[in-house]
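Chemist: model this:
(one chain, ligands or ions: 1)
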Amino acid sequence: MATWKNLDTLSSYKKLSGLKNHVDIAAAMSGEQGGERVKNYSTPMAAGLQYNYAAKEVDETVLAALAELAGEAQLIDKFKELYNGAVINTGENRMVLHHLARTQLGNPVVVDGVDKREFYVAQQKKAADFANKVHAGEIVNEAGEKFTTVVQIGIGGSDLGPRALYIALENWAKANNTFKMEAKFISNVDPDDAAAVLASVDLAHALFIVVSKSGTTLETLTNEAFVKDALTKAGLNPSKHMLAVTSETSPLAKSDEYLTAIFMDDYIGGRYSSVSGVGGAILSLAFGPEVFAELLDGAAAEDKLATNRDLLKNPDMLDALIGVYERNVQGYPSTAVLPYSQALSRFPAHLQQCDMESNGKSVNRFGEPVDYVTGPVIFGEPGTNGQHSFYQLLHQGTDIVPLQFIGFKNSQLGVDVDIENSTSQQKLCANVAAQIVAFACGKEDENLNKNFKGKRPSSIIVGDKLTPASLGALLAHFENKIMFQGFVWNLNSFDQEGVQLGKILAKRVLAHDTDGALKVFSDMLNI
Ligand SMILES: O=P(O)(O)OC[C@H]1O[C@H](O)[C@H](O)[C@@H](O)[C@@H]1O
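Modeler: Residues are numbered from 1 along each chain as shown. Below is the predicted model of the structure:
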């Protein structure tokens, strides 16, 4: 059994803390030695991706200290316990089994006589069969016509991951003739969200997936009622247009007002659920079950790499530990995720939830305060758009923000033009290469307003093309990174008590049970 200790009690962490500002990346990344670093500081990920950390503030000494920390914190032992079914989510007394939705990494995990891997696979099959029948015209609307659009109603983990993955693969599916149905998403309780989406779809040919693990989320239940109202007003029977993805114990599971219900369980957290029916139903409907299966295979292959005890051959653990060095030793407060891929435009939003809801904690897994900083602020936008927006602060601001670039050699659609001797794809890639070196090396100028200090660390994940498999590997990479960081910080990364207080106060406002500031704000907002 692994022992769970606070980071500041580990001797390897004390050693690592002595290595503050140990590497000058401006010097290390300059000239020929910079080129050598780029060649050497790279490790393979799944699905043909590479994790390159040449422009991070590490060298052999820092990497050795990180490897020692990985060993002393027993990161691989903890991962093994997790996928073998230990109660890692101490706050909610639950196992953490999202890896089993894509592969069997360890021993079978059996709960109340049910093998959990078999359960997740069975639910994926249910989603696949449903999708195949919709595509084949065996499940049709009341007029006997095919459904053409699918709309997901959900929020948080029941929206962000599936939405990011759908957007990521939409063009790929079109280019590869696997695009089956357009998907749309309703998440916000702002009525303008549901109204705008409903106005953009042909209701008679639209399927709605109500996704809520708990089956109690205010926004989702409100939007479900909003959609049912619109269907009824259009003379349609809501129960012939809706399916549910939920946990077997939720109130939604008891309803017979759905075409079908696909189940998940309490052992897959919302922000880790896009590999379950939460992502599986919509992605199978939109692109076909085979595409979703390829995504799961990419994630499974990345998970396998994450079991490697050798830090330099485990890109997920390496990325995690470099992040810990940046956060706890270098003292950087945030991290930007910058995909040079328009298809990944919502991927940073998904990672915001995944990372900040997991590791935005001030107490350890035993509920005791910790005396060190934990999860960074995560934000990001696709390049090159971000370059024309917030990169000013990244290059010349007073905070150093570690960067995580993602780039692909080829576009998904392959439609391009050659203007002034380069394609758009080459221009995109030229920019990401330029940014890495500009951030690391900077440029001196007598005019301080034009001076670039450099020494701004970044990594890049490079792939051939964004495909279902490489997307699955990317997703698993970041999930596993977050998990390893939570282990290092001795946190429970799998609950989210910090979202409760606001929900309770909002209920009081709606019940007009307010006083003081809450009452004045209620009046101000006409509630
Ligand atoms: O899927 P649901 O139970 O409706 O939950 C949707 C979301 O809402 C909660 O407030 C949590 O902060 C999220 O982690 C969760 O993903």
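Chemist: so which helix or strand takes in the residue of the chain positioned farthest from its centre?
Modeler: Distance from the C-alpha centroid of the chain peaks at residue 446, with 42.3 Å (C-alpha atoms, centre = their mean). Assigning secondary structure by DSSP states H and E places residue 446 outside every helix and strand.
Chemist: the stretch 151-300 of the chain: strands as residue ranges?
Modeler: Counting by DSSP state E, counting those that start in this stretch, the stretch 151-300 of the chain has these strands, from start to end: 182-186, 206-211, 242-247, 261-264.
Chemist: partner strands of the last one, with direction?
Modeler: Partner strands and pairing direction for strand 261-264 (DSSP bridges) are strand 242-247 (parallel).
Chemist: export the strand it pairs with to CSV, keeping only CA atoms.
Modeler: The C-alpha coordinates for strand 242-247 follow below in CSV (Å, rounded to 0.1, in the frame of the first residue of the first chain):
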residue,chain,number,x,y,z
MET,A,242,-35.2,12.2,-26.0
LEU,A,243,-32.7,9.8,-24.5
ALA,A,244,-30.9,10.1,-21.2
VAL,A,245,-27.3,9.5,-20.0
THR,A,246,-27.2,9.3,-16.3
SER,A,247,-26.3,7.1,-13.3
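Chemist: now it: mean pLDDT?
Modeler: Average pLDDT, strand 242-247: 97.
Chemist: in what helix or strand does residue 348 lie?
Modeler: Residue 348 belongs to helix 347-359, assigned by DSSP H and E.
Chemist: show me what that helix is packed against.
Modeler: Other helices and strands packing on helix 347-359, by 3 or more C-beta pairs under 8 Å, 6 or more residues apart in numbering; DSSP states H and E, are helix 160-175, strand 334-340, strand 377-379, helix 468-488. To be clear about C-beta, it is placed using only N, CA and C from the backbone, and glycine gets the same treatment.
Chemist: how far off helix 160-175 does that helix point, in degrees?
Modeler: Angle between the axes of helix 347-359 and helix 160-175 is 150 degrees (criterion: axes from the mean of the first three to the mean of the last three C-alpha atoms, to 10 degrees).
Chemist: neighbours around the residue of the stretch 1-150 of the chain found nearest the ligand, how many?
Modeler: Relative to the ligand, the nearest point of the stretch 1-150 of the chain is residue 92 (11.6 Å; C-beta to the nearest ligand atom). Number of residues near residue 92 (other C-beta atoms under 10 Å) recorded here: 15.
Chemist: need the nearest residue in space to it, chain neighbours excluded.
Modeler: Nearest residue to residue 92, sequence neighbours excluded (C-beta to C-beta, 6 or more residues apart in numbering): residue 495, at 5.1 Å.
Chemist: tell me which residues of stretch 40-57 come out buried.
Modeler: 41-43, 45-47, 49, 51-57 (16 or more other C-beta atoms under 10 Å).
Chemist: low-confidence ranges, the stretch 151-300 of the chain, go.
Modeler: Scanning the stretch 151-300 of the chain for pLDDT under 70 picks out no residues.
Chemist: please name whichever of the helices and strands packed on helix 347-359 is nearest to the ligand.
Modeler: Going by C-beta to the nearest ligand atom, the one of the helices and strands packed on helix 347-359 nearest the ligand is helix 160-175, 8.0 Å.
Chemist: got the phi and psi for residue 143?
Modeler: When quoted as degrees, to the nearest 10, the phi and psi of residue 143 stand at phi -90, psi 0.
Chemist: would you agree it is in contact with residue 202?
Modeler: No - Residue 143 lies out of contact with residue 202 (C-beta atoms under 8 Å); the separation is 12.0 Å.
Chemist: overlap in contacts, these two.
Modeler: Residues touching both residue 143 and residue 202 (C-beta atoms under 8 Å, 6 or more residues apart in numbering): there are none.
Chemist: quick revisit: could you give the mean pLDDT of the helix holding residue 348?
Modeler: According to the model, helix 347-359 has a mean pLDDT of 98.
Chemist: give me the angle between that helix and helix 468-488.
Modeler: Orientation note: helix 347-359 sits at an angle of 30 degrees relative to helix 468-488 (the same axes, to 10 degrees).
Chemist: just the helices and strands packed on helix 347-359: most buried one?
Modeler: With neighbours defined as mean count of other C-beta atoms under 10 Å, the helices and strands packed on helix 347-359 peak in mean count at helix 468-488, which reaches a mean of 26.
Chemist: once you drop chain neighbours, what's closest to residue 494?
Modeler: Nearest non-adjacent residue to residue 494, counting by C-beta to C-beta, 6+ apart: residue 89, 3.8 Å away.
Chemist: dihedrals phi and psi, the one you found?
Modeler: When read as degrees, to the nearest 10, the backbone of residue 89 gives phi -80, psi 80.
Chemist: show me the contacts for it.
Modeler: Residue 89 makes contact with 95, 96, 269, 492, 494, 495, according to C-beta under 8 Å, 6+ apart.
Chemist: check residue 402 too.
Modeler: For residue 402, the contact set (C-beta under 8 Å, 6+ apart) comprises 56, 323, 326, 332, 334, 335, 336, 376, 456, 457, 458.
Chemist: quick one: it and the ligand, what's the gap?
Modeler: Counting by C-beta to the nearest ligand atom, to the nearest Å, the gap from residue 402 to the ligand is 25 Å.
Chemist: the residue nearest to residue 234 when sequence neighbours are not counted: neighbour count?
Modeler: The shortest distance from residue 234 to any non-neighbouring residue, by C-beta to C-beta, 6+ apart, is to residue 203 (4.9 Å). Residues lying near residue 203 (other C-beta under 10 Å) number 19.
Chemist: and residue 450, by the same measure?
Modeler: Around residue 450 there are 10 other residues, counting by other C-beta under 10 Å.
Chemist: equivalent analysis for the one 4 residues further on, please.
Modeler: Burial of residue 454, expressed as a neighbour count using other C-beta under 10 Å, amounts to 20.
Chemist: report the contact partners of the closest residue to it other than its chain neighbours.
Modeler: What sits nearest to residue 454 in space, not counting adjacent residues and going by C-beta to C-beta, 6+ apart, is residue 442, at 2.4 Å. Applying C-beta under 8 Å, 6+ apart to residue 442 gives the contacts 26, 451, 452, 453, 454, 455, 456.
Chemist: next up, the contacts around the third one.
Modeler: If you count contacts by C-beta under 8 Å, 6+ apart, residue 452 has them with 395, 396, 438, 442, 443, 444, 445.
Chemist: and if you look at the second one?
Modeler: Listed by C-beta under 8 Å, 6+ apart, the contact set of residue 451 reads 396, 442, 443, 444, 445.
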